[in-house]
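S.K.: structure here, sequence nowhere to be found:
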């Protein structure tokens, strides 16, 4: 049987924690959609458990997290760990928001593949995900 | 193939991550998906499939959250398939139905899956049905399929549900707009949501009259002035069990008003289908149609993927564009070539 050429990359965009600012998350979600991805947006005020559960149910390739409240050191790694516990250590977890430089390094050490700060062009995120998906192959 | 065996085993064990993987396999038409569906087939047919369609902004997702809550109070497991359109330009999709179903996320008796319509080849109906088959085999007792109902492709989806509800809202304006879209003919149940808003009563009445006209009796749905109220039960004429007359219900999804009645109407419709023999008939019909869809898909694959269809077309494209040959001639050649091809 001939394999279909490719399939859309599935991305969950979630906002863990309590801040109510989702403009950035929505802009990123729209940019990813425009790049041909299937984006599941789960809305505000999600617990890491909710995000991980939704990511498993939706069988996504990528989880993109956004936090502007400063709780990233707790919540980002928690999502990562829950995904791994569910047997989905293959999911790419990336993040964005107001994140100090020293935290970025620590988060990357905890399995958050890449962090995008304020001012990032959305195209940069698209390219990052696309090249990750290509390098992963299938 | 090993992958498929693992998936089948995982589904039998009730493992959600495996279910999610299996659905992707089916959705993407990956190697082994037909084998998976074939193996699961004996387990399919136990769930009650409910299709919920209607114009965007009608409150379908909110309504579904409430519906599932009622089912869960009754200890019934539910899967939700929420279909949203794929952009024909980018091929991407923004799937936001989960936002309204927040409270269901952590319930292990609920599974929610967002699907993009993708369907460049009208494949949506086939894949949605197949995804529902996987969920059915997994053991969910209710499967709710949510689609934005504005065109014909949604009707096809409705065709794979046992019960189809059309959700309307007062602000969709002129009721006739909705009525003429063709969706009116497929619903087993009509729901006027946001019924606390102005115009709801009039919409209910318009729908009832429209249904009456369709059935050749304009006053059938208008209750008598005196005596017991008869509207909304779904079974207005006790002696006539062979025919279902679609009830027109009202709800305010945000407050949960009318949702229990909706669940009861779904159950009543299912009971009607079972007792009248209609369920058996619909499912036989559905299986036949589905088999034809699978054949169509296989044939299309045979021509365009495995066969020389694409090459023949590319070769003749110049002649076609310059008007020397017609599309019909080329199509004929492609099919003839397929028939000649050795096994």
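M.R.: Great, that's in hand. Just so you know, these numbers come straight off a predicted model, no measurement behind them. Numbering: from 1, shown residues only, chains lettered A, B, ... in the order given.
S.K.: what residues sit buried inside stretch A:53-72?
M.R.: When burial is assessed from 16 or more other Cβ atoms under 10 Å in any protein chain shown, stretch A:53-72 yields the following buried residues: A:53-68, A:72. No exception for glycine: its C-beta is placed from N, CA and C like everyone else's.
S.K.: helices - which of those land there?
M.R.: A:53-58, A:72 (DSSP state H).
S.K.: just flag the most distant two among those.
M.R.: The distance between the two most remote of these (Cβ to Cβ) is 23.9 Å, for A:57 and A:72.
S.K.: who touches the host helix or strand of residue B:83?
M.R.: Per DSSP states H and E: residue B:83 is located in strand B:78-84. Where contact means Cβ atoms under 8 Å, 6 or more residues apart in numbering or on different chains, the residues beyond strand B:78-84 that reach it are B:47, B:61, B:64, B:68, B:71-72, B:93-98, B:101, B:104, B:109-117, B:124, B:128, B:131-132, B:135, B:138, B:140-148, B:157.
S.K.: let me see the contact set for the residue most central in space within chain A.
M.R.: Geometric centre of chain A, nearest residue: residue A:64, 1.4 Å, by Cα atoms, centre = their mean. Neighbouring residues of residue A:64 by Cβ under 8 Å, 6+ apart: A:11-14, A:25, A:28, A:32, A:94-96, A:125.
S.K.: same check on residue A:46?
M.R.: Going by Cβ under 8 Å, 6+ apart, residue A:46 touches A:14-17, A:54, B:102.
S.K.: again with residue A:11
M.R.: Contacts of residue A:11 by Cβ under 8 Å, 6+ apart are A:32, A:37-40, A:60-64, A:129.
S.K.: secondary structure class for it?
M.R.: Following DSSP: H, G, I helix; E, B strand; the rest coil, we place residue A:11 in the strand state.
S.K.: over to residue B:98?
M.R.: Following three-state DSSP, we place residue B:98 in the helix state.
S.K.: pLDDT score for it?
M.R.: According to the prediction, residue B:98 has pLDDT 93.
S.K.: tell me the contacts of the closest residue to it other than its chain neighbours?
M.R.: Leaving out its chain neighbours, the residue that sits closest to residue B:98 by Cβ to Cβ, 6 or more residues apart in numbering or on different chains is residue A:42, at 5.1 Å. If a contact means Cβ under 8 Å, 6+ apart, then residue A:42 has A:12-15, A:50-51, A:54, B:98-99, B:102 as its contacts.
S.K.: from these, which two are the most distant?
M.R.: Longest span within the contacts of residue A:42, Cβ to Cβ: A:13 and B:102, 14.8 Å.
S.K.: who has more neighbours out of those two?
M.R.: Of the pair residue A:13 and residue B:102, residue A:13 is the one with more neighbours under other Cβ atoms under 10 Å in any protein chain shown, namely 28 against 16.
S.K.: how close does that one sit to residue A:52?
M.R.: For residue A:13, the distance to residue A:52 equals 14 Å [Cβ to Cβ, to the nearest Å].
S.K.: now residue B:62
M.R.: From residue B:62 to residue A:52 the distance is 24 Å (Cβ to Cβ).
S.K.: so those two - more neighbours on which side?
M.R.: residue A:52 (28 against 20).
S.K.: residues in contact with that one?
M.R.: The contact partners of residue A:52, by Cβ under 8 Å, 6+ apart, come to A:79, A:82-83, A:86.
S.K.: ok so, going back, closest one to residue B:330 out of the contacts of residue A:64, please.
M.R.: Distances from residue B:330 to the contacts of residue A:64, taken by Cβ to Cβ, are shortest for residue A:32, at 38.6 Å.
S.K.: dihedrals phi and psi, the closest one?
M.R.: phi -70, psi -40 (degrees, to the nearest 10).
S.K.: what residues are up against the closest residue to residue B:200 other than its chain neighbours?
M.R.: Ranked by Cβ to Cβ, 6+ apart and with sequence neighbours excluded, the top spatial neighbour of residue B:200 is residue B:170, at 4.7 Å. Neighbouring residues of residue B:170 by Cβ under 8 Å, 6+ apart: B:192, B:194-195, B:197-200, B:202-203.
S.K.: count the neighbours of the residue in the stretch 201-343 of chain B that chain A sits nearest to for me.
M.R.: Relative to chain A, the nearest point of the stretch 201-343 of chain B is residue B:305 (4.4 Å; Cβ to the nearest Cβ). Residues lying near residue B:305 (other Cβ under 10 Å) number 14.
S.K.: domain map for chain B?
M.R.: B:1-43, B:44-276, B:307-340 (automatic domain parsing).
S.K.: about what we covered before: what about chain B: which of the ones in helices among the buried residues of stretch A:53-72 touch it?
M.R.: Filtering those for neighbours of chain B using Cβ under 8 Å from any Cβ of the partner chain leaves A:53-54, A:56-58.
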